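Visitor: Take this sequence and fold it.
(chains A and B)
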Number of protein chains: 2
Amino acid sequence: MADSLTQLETYLYEHIPLSVALGVKAVEASCHQVVLTAPMTPNINHKQTAFGGSLHAVATLACWSLMYLNLKEFPHFTDIVISKSEVNYICPVTTDFTVECSIENQSDWLKVESILYKKGIGRLRLNAKIYQDGKLAVDYWGEFVAIRRKK
Amino acid sequence: MADSLTQLETYLYEHIPLSVALGVKAVEASCHQVVLTAPMTPNINHKQTAFGGSLHAVATLACWSLMYLNLKEFPHFTDIVISKSEVNYICPVTTDFTVECSIENQSDWLKVESILYKKGIGRLRLNAKIYQDGKLAVDYWGEFVAIRRKK
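Guide: Next comes the predicted model:
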């Protein structure tokens, strides 16, 4: 468990340097769920709440990481790109925050994998959530595309 | 002109520290248009293109700045919050990038100002664009809310 967290953090820090500036840490990193945290200090805004761009960026990293972990063992090398995202900022985030992204139904992932295998491209819409005092504060949706690399 | 750019940059760097990590610079800062740039190095991803979270964050800063500049002289002190955003990543950004956010029709802003004056709250949907080699690469929409502070 600790190994998978360190591996994911190391990958993010080395390949996406903004993850270092955001102060991202991994607290869960499985094929079912990725949970990332980030501290308030580097992500604060003029109202002493978390900057909307930071909340979106950590949510994007959580969803991207979940795709990455699921595709890691895929027999064909794949690239992951984000094609669109939407975010609802429901209430302000005023403390260090945690982003949770899960694949609710394993069958959703199996469908993506099957289409990716047949057609070389698969899309998955992923949801990430940030709670503040037990209440949903940020609701993020991102569409991620896995593309098989040409030989 | 140079003064307004430095003032905006100084405000962003002091109040939203992620703007420093993103490497944001202001190249236009008027009530009609805000143009921000960011370098590739701190915003790169594993595919040597710009990280989607960075593109969204700089677009958010450009739109937020345009609201801020328009509200600066407003007779009632106001807060600006972002309520939602959507972004379409149309093609990869592979170089230092520029984000442009404009108020197309001045009448749109006058409506917001009038509602804000009467009801204490005004909403504006702003668009920010990033071009790559003359082609639209990132299309961002954000809904920003100006709220009159209670006395």
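Visitor: The longest strand along chain A pairs with which strands, parallel or anti?
Guide: Identified as the longest strand of chain A according to DSSP state E is strand A:135-148. According to DSSP bridges, strand A:135-148 has the following sheet partners: strand A:78-89 (antiparallel), strand A:121-132 (antiparallel).
Visitor: how about these, which one is nearest A:Leu8?
Guide: Evaluated over the strands paired with strand A:135-148, closeness to A:Leu8 peaks at strand A:78-89, with 13.8 Å, by CB to CB. (Each C-beta comes from the backbone N, C-alpha and C, glycine too.)
Visitor: now chain A, which segments are flagged as low pLDDT?
Guide: Applying pLDDT under 70 to chain A flags the ranges A:1, A:75, A:151.
Visitor: Alongside chain B, which residues does it contribute?
Guide: Residues of chain A lying close to chain B (CB under 8 Å from any CB of the partner chain) are A:11, A:15-18, A:21-22, A:41-47, A:51-54, A:56-58, A:60-61, A:79, A:81-89, A:92.
Visitor: Which ones among these map onto helices?
Guide: Within the residues of chain A next to chain B, membership in helices is found for A:11, A:15, A:18, A:21-22, A:52-54, A:56-58, A:60-61, as judged by DSSP state H.
Visitor: A:Tyr117: how many residues sit nearby?
Guide: 13 (other CB atoms under 10 Å in any protein chain shown).
Visitor: Grab the nearest non-local neighbour of it.
Guide: Once flanking residues are discounted, A:Tyr117 sits nearest to A:His76: 7.6 Å by CB to CB, 6 or more residues apart in numbering or on different chains.
Visitor: What's the separation between the one you found and chain B?
Guide: 17 Å (CB to the nearest CB, to the nearest Å).
Visitor: In space, what's closest to A:Ile103 - neighbours in sequence excluded?
Guide: A:Trp109 (5.1 Å).
Visitor: residue contacts, the residue nearest to the spatial centre of chain A?
Guide: Centroid-nearest residue in chain A, with CA atoms, centre = their mean: A:Ala62, separated by 1.7 Å. By CB atoms under 8 Å, 6 or more residues apart in numbering or on different chains, A:Ala62 lies in contact with A:34-36, A:99-101, A:128.
Visitor: Closest one of these to A:Ala137?
Guide: So of the contacts of A:Ala62, ranked by how close each gets to A:Ala137 (CB to CB), first place is A:Val99, at 10.6 Å.
Visitor: Give the next helix or strand downstream of the helix or strand harbouring the closest one.
Guide: For A:Val99, the element it lies in under DSSP states H and E is strand A:97-102. Downstream of strand A:97-102, the next assigned helix or strand under DSSP H and E is helix A:106-119.
Visitor: rewinding a little: out of the strands paired with strand A:135-148, which is closest to B:Gln7?
Guide: strand A:78-89 (26.4 Å).
Visitor: For that closest one, list every residue counted as buried.
Guide: By 16 or more other CB atoms under 10 Å in any protein chain shown, the buried positions in strand A:78-89 come out as A:78, A:80-82, A:84-87, A:89.
Visitor: what's the answer for stretch A:11-20, then?
Guide: In stretch A:11-20, counting by 16+ other CB under 10 Å, buried: A:11-12, A:16-19.
Visitor: quick revisit: relative to A:Lys135, which of the ones in helices among the residues of chain A next to chain B is nearest.
Guide: Nearest to A:Lys135, judged by CB to CB, of those is A:Gly52 at 17.2 Å.
Visitor: So what pairs up with the spatially closest residue to the closest one that is not a sequence neighbour in the strands?
Guide: Using CB to CB, 6+ apart and skipping residues adjacent in sequence, the residue nearest A:Gly52 is B:Ile82, 4.4 Å away. For B:Ile82, the beta-bridge partners under DSSP bridges are B:Phe144.
Visitor: For B:Ile82, list the residues it contacts.
Guide: Applying CB under 8 Å, 6+ apart, the residues contacting B:Ile82 are A:52, A:89, B:60, B:63-64, B:142-145.
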